[in-house]
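Peer 1: 3D, please:
(chains A, B and C)
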Amino acid sequence: MRSSDNNVLLSVRGLVKQFATKSGPVKAVDGVSFEVGRGQILGIVGESGSGKTTAGRAVLRLVEPTSGEAVFDGVDLFGLSEKELRPYRRRMQIIFQDPYSSLNPRMRVGDIIGEAIDTHGLAKGAARRVRIEELLARVGLSAEHARRYPNEFSGGQRQRIGIARALAVEPELIIADEPVSALDVSVQSQVLNLIQELQRELGLTMVFISHDLTVVEYLCDEIVVLYLGRVMEKGPSRAVHAAPRHPYTRALLATAPIPDPTVKRERVILQGDIPSPLDPPSGCVFRTRCPHATEACAKVVPPAEEVGPGHSVACIRHAELFS
Amino acid sequence: MAAASDAYAPPRLLTLILQRKTLAVGLLILAVVTLLAVLAPLVAPYSPSKLSIVNRLKPPGAEWFFGTDEFGRDIFSRTIYAGQLSLLVGAAATAFACVVGIALGIVAGFFRKADALVSRVVDAMMAFPDILLAIALVAALGPSLATVIVALGIVYAPRLARIVRASTLVIRELPYVEAARALGVPTWRIMTRHVLRNLVSPILVQATFIFAYAMLAEAGLSFLGVGVSPEIPTWGTMIASGRQYVGQADWMTVFPGIAIVLTVLSLQLVGDGLRDLLDPRLRKDL
Amino acid sequence: MAHSAAVPVRPEAAMLADDVMLKADDLQTHFIMGSRAAKSVDGVSLTVRRGETLAVVGESGSGKSVTSLSIMRLLAHPGRIVGGRILYRLRDGTVVDLATTGQKLMRSIRGREIAMIFQEPMTSLNPLFTVGDQIMEMVRLHEPVSRNEARARALEMLELVEIPAAAKRLDQYPHEMSGGMRQRVMIALALACRPALLIADEPTTALDVTIQAQILDLMRRLQREIGMSILFVTHNLGVVAEIAHEVAVMYAGRVVEQASVTDLFARPKHPYTKGLLACIPDPKRDRATDGSRRMLDPIPGSVPSIMALPRGCSFAPRCPLVEPACEAEPPVLERAGVNHLTRCRRHELL
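Peer 2: Numbers count the residues shown, from 1 in each chain, chains lettered A, B, ... in the order given. All right, here's what the predicted structure looks like:
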């Protein structure tokens, strides 16, 4: 297996997260597996209800996973107590979507970043101040910003502060949950560039969660496509885009708006709505919207089948449809 | 609107207060009342306990601004001195309520198991009228100044507990709290740094109201004879002792009554004003 | 307000060309706060042609939403139209200036002549009434029809927007529907009185990609079938490419470029438009065959506050082509091609 491979930093296997709701249990994530190589960017793509955010949170144990394992550098994070987990908190960080609610409005920027430094006892006094200034400079802000409060910054600047906070503990893995979705287009590209620079210069490993297939194709080395808590397709970004093997991936690619009016694409407009995770379809969860669904699709949960190096697809008809 | 920050300079606190009439008036009255009470030995023309049988039940006039009581004591001096204790009881009860209420509320907001118990007790306590609960507690603990403070503190703690719990439940789900958890910040630090610090405004507002309620309740308890000992001048005990003379010497009740009304009114104004001042939605419009 | 109740055909109304439904001319909408005025819309001119879609695209604070609210005259206090004209052709052929139309006439125009849909369909629908009731109310407000006729129309509308089991959905409440369904209901409601112009303010922004594709497809089909004009407000250039015939790019309260959709994307004549297009990742352009990535070309800085706009061109502080003249005086709209306007004095360099 690749998981014993020294080049894999994070290996998630069979991740399940079930929430208890008033209307019964809901499996937000249902048996998701993926691996992230050191220094790689893995993209997790999905629409609402796909479980992409929950999966990211569960890996960091910000929500308690129901079952499965997440092996980080040889250690299963799900088997650790909160105390045993603390040293790993320093090695994995998160960046949030909403640049407004992700910063404590009552704390100065310096203290927001400083808290990360203090929690792990990384620096004190003058060294701490210098470190904060370095981090601010690193994300394109200036030292004097440390004294200000979050409400004095624009959305893009706030996102930079959130990134500086995550970098403060010198993590190896960063989970970025839709980090540019809430930003203006012109600011998005600034933050995407910053993320790439940091990833390259610091050798970071990243999980980039997004609904935007174009951004993911551009940024990520590997892609996992989620739908209703399950993996539909995963593989190298280029392979998945060049030759998508799952009807859902194909539909996503066909419907992502491209800023070029001359491009004429095959129109695959999926009918209907994403089903409620409370009552997911039997067999393949995508079959209710799939243009190629047959009776057989309702009977079995399609297993992941290898279709290329590191490229797998969970569809029983992929061979007859797309090869 | 993204770069509005460049032009942003925080207005000075004094300017902010003066822009709000209710807050400014409330604070002014409260300051005068508090100063008079604190400086009572300098301001009061007579000792509050100096008896003068000859001058009993004298009406207000040049010599005794507020008149005298049945023992010839100067009502003006007594009202000023009484302010010390009335304010002390109010402040101490509020402090007690804050400590207990905040602790219960934040624990209930963070730990589901504790919440079941805390919320039940809080709901049960809030089902009783304040004054009835206070009387029962004083009766159980035995009447004394300390008992009154503790009893009123217990009576008003649930109000704070409820507000703190509700806000904690909201804040604990916010991304910045998640960020702190992802950093490994210990729970107690998350509680104080991230949750409590964002609750300062609602707690402050609620505390001014509790201060007012507690002062009123203390007067009520004293009036009913279950509060502090009648010899100790508080606005409540003064009204209680003046009650027998309402027909012949109404100044005995009117002036301490006015003192209570003014102080409670000022606290309410301050509370309302703070609520406006600290509400970020209203503040942005400035 | 100086708005007169009755609006006769004015002599200048004849200026509205036959194929034009709506023409905003130097529209100024300010939000007046004390002595300061935020010039949210500062001299916007745009044209919506009959049966076509004009996309108004811009980032936050560009004034795109305020422009659409100005046309509908739904500005919240303290917003006010302080200048310019919004010429609109009514069904009977008369031309009115919506900027000065009386409230009474405006009420009869909203819904019947011009309808509007918003980003969040949940908050635009009344949670206490069934969707059928809401469409029926709309119909009966503008047309003298019976309850049964109105109900039949409501059903017809739900079928028109391809809501499955429409008869059943008629008696459902908004909260019983998904976001995509609610947006379809909003469109049904908007189109119930067959308006000639539909204003859509970010109608797909809150929706998932696959649902967004459905709604865009629906809007294109309805436009073909009904022949209505659409003013489509969005921040998403990808959506613009899919739906628009004409595009107006807004920045800091002004239209900086207007052109046909093919022209705009192929030959942007304003550095801002060019910058926007360059900073959207395009995997074909930005990834080499070995998988390595090219950095994006972001527009430096951020959108200026409308309370503190630069004196000259408001894009000058972020513009790669800036010269001293740009900072001295605001540029005027210049012709940069057939039906191609740009507010840049250096557009030949592009």
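Peer 1: Contacts for stretch B:41-56, please.
Peer 2: Residues outside stretch B:41-56 that contact it (C-beta atoms under 8 Å, 6 or more residues apart in numbering or on different chains) are B:36, B:40, B:64-65, B:68-74, B:76-78, B:80-82, B:233. No exception for glycine: its C-beta is placed from N, CA and C like everyone else's.
Peer 1: and those residues, which are buried?
Peer 2: Among these, the ones that count as buried by 16 or more other C-beta atoms under 10 Å in any protein chain shown are B:36, B:40, B:64, B:68-69, B:72-74, B:76-78, B:80-82, B:233.
Peer 1: quick one: which of the residues you listed is nearest to chain C?
Peer 2: The closest of those to chain C turns out to be residue B:36 (C-beta to the nearest C-beta; 39.2 Å).
Peer 1: is it true that that closest one lies in a helix?
Peer 2: Yes: assessed with DSSP: H, G, I helix; E, B strand; the rest coil, residue B:36 lies in a helix.
Peer 1: Quick check: the residue nearest to it when sequence neighbours are not counted vs residue B:217, distance?
Peer 2: Of all residues not flanking residue B:36 in the chain, residue B:80 sits nearest, at 5.2 Å (C-beta to C-beta, 6 or more residues apart in numbering or on different chains). According to C-beta to C-beta, to the nearest Å, residue B:80 stands 22 Å off from residue B:217.
Peer 1: domains for chain A, by residue range?
Peer 2: A:2-91+A:171-322, A:99-170 (automatic domain parsing).
Peer 1: mind checking which helix or strand the spatially most central residue of chain B is in?
Peer 2: Residue closest to the average C-alpha location in chain B (C-alpha atoms, centre = their mean): residue B:211, at 0.7 Å. Element membership of residue B:211 [criterion: DSSP states H and E] is helix B:200-224.
Peer 1: mind listing what's buried in that helix?
Peer 2: Of the residues in helix B:200-224, B:201-223 count as buried by neighbour count, 16+ other C-beta under 10 Å.
Peer 1: for stretch A:87-96, same thing?
Peer 2: Quick answer for stretch A:87-96 (16+ other C-beta under 10 Å): A:88, A:89, A:90, A:92, A:93, A:94, A:95, A:96.
Peer 1: Chain C: which of these is nearest?
Peer 2: residue A:95 (17.8 Å).
Peer 1: Please name the nearest non-neighbouring residue to whichever residue of the stretch 201-350 of chain C sits closest to chain A.
Peer 2: Going by C-beta to the nearest C-beta, chain A is nearest to residue C:238 of the stretch 201-350 of chain C, at 2.8 Å. Once flanking residues are discounted, residue C:238 sits nearest to residue A:257: 2.8 Å by C-beta to C-beta, 6+ apart.
Peer 1: The one you found contacts residue C:244, correct?
Peer 2: No: the criterion here is C-beta atoms under 8 Å, and residue A:257 misses it with residue C:244 at 11.4 Å.
Peer 1: Comparing those two, which shows the higher neighbour count?
Peer 2: residue C:244 (25 against 21; other C-beta atoms under 10 Å in any protein chain shown).
Peer 1: helix, strand or coil for residue 253?
Peer 2: No chain was given, so I picked chain A. helix.
Peer 1: what's around residue 155, how many residues?
Peer 2: Assuming you mean chain A. Counted with other C-beta under 10 Å, the neighbours of residue A:155 add up to 20.
Peer 1: um, chain C though
Peer 2: Per other C-beta under 10 Å, the neighbour tally for residue C:155 reads 19.
Peer 1: circling back: tell me what the helix holding residue B:211 is packed against?
Peer 2: helix B:75-110, helix B:130-141, helix B:145-171, helix B:235-242, helix B:251-278 (3 or more C-beta pairs under 8 Å, 6 or more residues apart in numbering or on different chains; DSSP states H and E).
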